[in-house]
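Undergrad: Fold the following for me, if possible:
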Amino acid sequence: MIPQIHSAAIRQSRFVNRSPIFYGWIIMFVGTLGLIMTSPGQTYSISVFVEYFIGDLGLSRSSVSTIYTVSTLIGSFALPVVGGQIDRRGVRLMMTVIVVLFGLACIYMGFVLNALMLALGFVAIRMLGQGSLTLVSQNAINQWWVRRRGTMMGISGMMLSLLGLGTFPNLINRLIPLYGWQGTYMLLGLLLLAVMAPLAFILIRNRPEQYGLEPDGHKTSAADQTKAPADPIEENWTLSEAMHAPMFWTLTLSIGLIAMLGTGLIFHAVSIFNDNGFSATVAATVFVPLSLTTATVNITSGVLADRLPLRLLLAVALVFLTLSLLLVQSLQNIWLTYLYGVLLGTTFGLMHIVNSVSWAKYFGRQYLGSITGVTTTVMIAGSALGPMPLGIARDQMGSYNVILSIFAVLPLILAVVSLSSGQPRKRDDVPDLS
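TA: Sure, this is the predicted structure:
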């Protein structure tokens with residue numbers, strides 16, 4: 001259970017106490033901005049720099065891809081440690097530290113001269129951007145919202161889709177001709193240090209209970225401040241307890257699989273479309289319905305997550321992934337390419353909500369950092385490994401179709417497992433290692 005917070009321990013904050021609205025809205029805004037600012041470490045932004053890495057550093061495309069995959073895997077292994085530190089030290093301190101280190105890592109990327117320096121830079125920006133900043137930003141929002149968590153994550157996901165995926169690649173494309181790719185990375189680092197770091201330190205707060213509040217905007221009375229605030233329909237699990245629950249592994253494997261196959265489809269998009277008789281330009285246009293659908297599904301499924309079982313949303317996401325894997329093998333006209341973008345965008349939107357909401361909903365907030373540190377490692381490892389089997393199959397068999405058909409079966413299996421899963425229940429024989 002959440003530790004008791006006595007009246008003497010209730011903290012005072014000028015921002016929290018004087019806020020005209022529930023302070024969770026401020027947390028949601030800053031947390032969402034943190035998610036958007038992970039963009040310099042995300043694949044959709046790094047992909048803009050790939051041609052410059054190849055041309056200026058004298059590297060082959062396969063070398064850059066291999067360095068990227070290995071570095072992402074190495075960086076992901078730090079996330080369980082980061083998650084544990086979030087539980088111990090709180091989201092405010094950890095977000096500030098992570099943003100500062102991420103900003104410095106981006107500035108370092110402006111000094112990269114060779115393959116070794118690039119590998120070190122990839123480890124840093126993937127570990128700190130895609131991994132750690134995503135982890136702490138989602139945890140910050142989860143701490144302040146419980147009953148309306150799905151809706152808040154839906155709003156956050158919509159803003160992330162539009163301002164992250166929809167904005168940062170274009171911004172980088174415009175900055176590089178003006179300042180070069182090294183200068184652009186340095187500017188992104190300075191943006192993190194000058195804007196995101198101060199906002200994290202000044203505005204982020206760890207938990208509403210520390211300020212005499214409850215999640216979702218409920219206030220504790222003066223009489224109740226001598227005891228623990230009401231636990232809002234949640235049960236807190238340790239990491240050890242969670243890892244003994246079948247639902248933990250159903251969620252982890254499903255989200256890891258979606259991350260793996262989704263990244264593989266995006267990474268090889270141009271090649272897949274060429275095999276279907278379409279140009280790279282057509283492949284690029286599919287990102288429009290994909291991003292718009294992802295944004296729309298984020299907000300709608302976020303609302304549904306507060307009303308429907310998450311296992312149902314997860315199963316739907318897995319079914320849509322199967323449909324995407326099958327449809328992409330036979331894109332016979334332009335309308336089917338747009339339908340493919342809608343199917344894949346629906347998958348990504350649902351996955352974002354399930355991944356954002358499910359861990360806190362099923363396992364509580366007290367050890368959320370430790371739990372999501374492990375699950376985020378699996379997700380990022382999956383995204384790192386995704387392009388490899390598809391690329392190998394294309395080189396060996398001359399087509400993606402066989403491997404795509406085989407992979408299409410896996411989401412269906414997990415969808416059935418998800419639908420048959422129930423609310424996780426603690427086992428009495430699991431030791432408490434917290």
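Undergrad: Give the buried residues for whichever strand or helix holds residue 240.
TA: Per DSSP states H and E, residue 240 falls inside helix 239-243. By neighbour count with 16 or more other C-beta atoms under 10 Å, helix 239-243 contains the buried residues 239, 241-242. Bear in mind the C-beta positions are built from the backbone N, C-alpha and C, glycine included.
Undergrad: what's the closest of those to residue 108?
TA: Nearest to residue 108 among the buried residues of helix 239-243 is residue 239, at 32.0 Å by C-beta to C-beta.
Undergrad: Identify all contacting residues around the helix or strand hosting residue 100.
TA: Assessed by DSSP H and E, residue 100 sits inside helix 91-109. Identification of contacts with helix 91-109 by C-beta atoms under 8 Å, 6 or more residues apart in numbering yields 34, 37, 40-41, 82, 85-86, 120-121, 124-125, 128-129, 132-133, 136-137, 139-140, 143, 182, 185-186, 188-193, 196-197, 200-201, 204-206.
Undergrad: Could you point out the helix or strand that follows that helix?
TA: For helix 91-109, the following helix or strand on the C-terminal side (DSSP H and E) is helix 115-125.
Undergrad: Show me the shaky parts of the chain.
TA: 1-9, 218-233, 427-434 (pLDDT under 70).
Undergrad: Look up the closest residue to the residue most central in space within it, ignoring the ones flanking it.
TA: By C-alpha atoms, centre = their mean, the chain has its centre lying nearest to residue 134, at 5.4 Å. Among residues not flanking residue 134 along the chain, residue 38 sits closest, at 5.2 Å (C-beta to C-beta, 6 or more residues apart in numbering).
Undergrad: try residue 212
TA: residue 10 (4.8 Å).
Undergrad: and stretch 124-142, how far from the chain's centre?
TA: Relative to its chain's centre, stretch 124-142 lies at 8 Å (C-alpha atoms, centre = their mean, to the nearest Å).
Undergrad: what's the answer for stretch 271-290, then?
TA: The mean C-alpha position of stretch 271-290 is separated from the chain mean by 25 Å, C-alpha atoms, centre = their mean.
Undergrad: do the same with stretch 45-63
TA: 24 Å.
Undergrad: For it, output the C-alpha coordinates as PDB.
TA: Extracted C-alpha coordinates of stretch 45-63, given in PDB (Å, rounded to 0.1, in the frame of the first residue of the first chain):
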ATOM      1  CA  SER A  45      14.100  12.000 -36.200                       C
ATOM      2  CA  ILE A  46      17.300  10.000 -36.400                       C
ATOM      3  CA  SER A  47      16.300   8.700 -39.900                       C
ATOM      4  CA  VAL A  48      16.700  12.300 -41.300                       C
ATOM      5  CA  PHE A  49      20.300  12.300 -40.300                       C
ATOM      6  CA  VAL A  50      21.200   8.800 -41.700                       C
ATOM      7  CA  GLU A  51      22.300  10.100 -45.100                       C
ATOM      8  CA  TYR A  52      24.600  12.600 -43.500                       C
ATOM      9  CA  PHE A  53      26.200   9.900 -41.300                       C
ATOM     10  CA  ILE A  54      26.900   7.900 -44.400                       C
ATOM     11  CA  GLY A  55      28.200  10.700 -46.500                       C
ATOM     12  CA  ASP A  56      30.200  12.700 -43.900                       C
ATOM     13  CA  LEU A  57      31.500   9.900 -41.800                       C
ATOM     14  CA  GLY A  58      32.300   7.500 -44.700                       C
ATOM     15  CA  LEU A  59      30.200   4.700 -43.400                       C
ATOM     16  CA  SER A  60      28.100   2.200 -45.300                       C
ATOM     17  CA  ARG A  61      24.300   2.000 -44.800                       C
ATOM     18  CA  SER A  62      24.600  -1.500 -43.300                       C
ATOM     19  CA  SER A  63      27.300  -0.200 -40.900                       C
END
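Undergrad: ok, and what's touching it?
TA: Here stretch 45-63 has contacts from 39-40, 64, 67-68, 112-115, 118, 125, 168-169, 172-173, 176, 181, 185, using C-beta under 8 Å, 6+ apart.
Undergrad: could you redo the last one with a cut-off of 7 Å?
TA: The contact list for stretch 45-63, computed with C-beta atoms under 7 Å, 6 or more residues apart in numbering, reads 39, 64, 114-115, 118, 168-169, 172-173, 181.
Undergrad: And stretch 194-207, by the same measure?
TA: Contacts of stretch 194-207 (C-beta under 7 Å, 6+ apart): 13, 15-16, 23, 26-27, 30, 33-34, 37, 90-92, 95-96, 99-100, 103, 140, 143, 211.
Undergrad: Of those, keep whichever come out buried.
TA: Using 16+ other C-beta under 10 Å, the buried members of the contacts of stretch 194-207 are 16, 23, 26-27, 30, 33-34, 37, 90-92, 95-96, 99-100, 103, 140, 143, 211.
Undergrad: on that earlier part again, now render the buried residues of helix 239-243 as a markdown table, adding distance to residue 379.
TA: Shown next, in a markdown table, are the buried residues of helix 239-243 (distance: C-beta to C-beta, whole Å):
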| residue | distance to residue 379 |
| --- | --- |
| 239 | 16 |
| 241 | 21 |
| 242 | 16 |
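Undergrad: Closest to residue 273 out of those?
TA: Set against residue 273, the nearest of the buried residues of helix 239-243 by C-beta to C-beta is residue 242 (40.3 Å).
Undergrad: Which of the contacts of stretch 45-63 fall within helices?
TA: In this view, the contacts of stretch 45-63 that belong to helices under DSSP state H are 64, 115, 118, 168-169, 172-173, 181.
Undergrad: shouldn't residue 411 be in contact with residue 320?
TA: No: with contacts counted by C-beta atoms under 7 Å, residue 411 stays clear of residue 320, the gap being 8.5 Å.
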